[in-house]
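S.K.: Fold the following and give me the result.
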Amino acid sequence: MFWKKKKNVANKPSREDIIAEAKKNVRIATEAIGEDTLARVREHISQNENSEFHQALRRIKAMDQDRIADNIRATYRDK
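M.R.: This next block holds a predicted model:
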């Protein structure tokens, strides 16, 4: 016999909880690293054209721009 396992929905965090946790982690990491170190990392990433950041930018530019705009609006709407 085949049957499906019941999904444990009670332990699954909501989207809002995940976003709040991510923002909290960013704030803690920024405080631990320091703003000057973070600025140096940003500068290094912006100079390296083959970094994962620039690869992601190229992929985003190749995607459907309306879908990207909708996702960005949804993210900021959640603030």
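S.K.: Every contact and neighbour count from this point should use C-alpha atoms.
M.R.: Noted.
S.K.: Where does pLDDT dip in the protein?
M.R.: When the per-residue scores of the chain are filtered using pLDDT under 70, the ranges that remain are 1-10, 78-79.
S.K.: quick check: longest helix of it.
M.R.: Looking across the chain with DSSP state H, the single longest helix is helix 15-33.
S.K.: mind giving me the domain split of the protein?
M.R.: When the chain is parsed into structural domains using automatic domain parsing, the resulting residue ranges are 15-47, 50-79.
S.K.: Could you dump those into JSON lines with mean neighbour count added?
M.R.: Converted to JSON lines, the domains of the chain look like this (neighbours: other CA atoms under 10 Å):
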{"stretch": "domain 15-47", "mean neighbour count": "12"}
{"stretch": "domain 50-79", "mean neighbour count": "11"}
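S.K.: Quick check: next helix or strand after the helix or strand hosting His54?
M.R.: Secondary structure assignment for His54, by DSSP states H and E: helix 52-62. Note on helix 52-62: by DSSP H and E, the next helix or strand toward the C-terminus is helix 65-77.
S.K.: about what we covered before: what's the offset of the longest helix of the chain from the middle of its chain?
M.R.: 11 Å (CA atoms, centre = their mean, to the nearest Å).
S.K.: which residues sit against whichever helix or strand comes after that helix?
M.R.: Stepping forward along the backbone from helix 15-33, the first helix or strand reached (DSSP H and E) is helix 35-47. Contacting residues not belonging to helix 35-47 are listed as Thr30, Ser51, Phe53, His54 [CA atoms under 8 Å, 6 or more residues apart in numbering].
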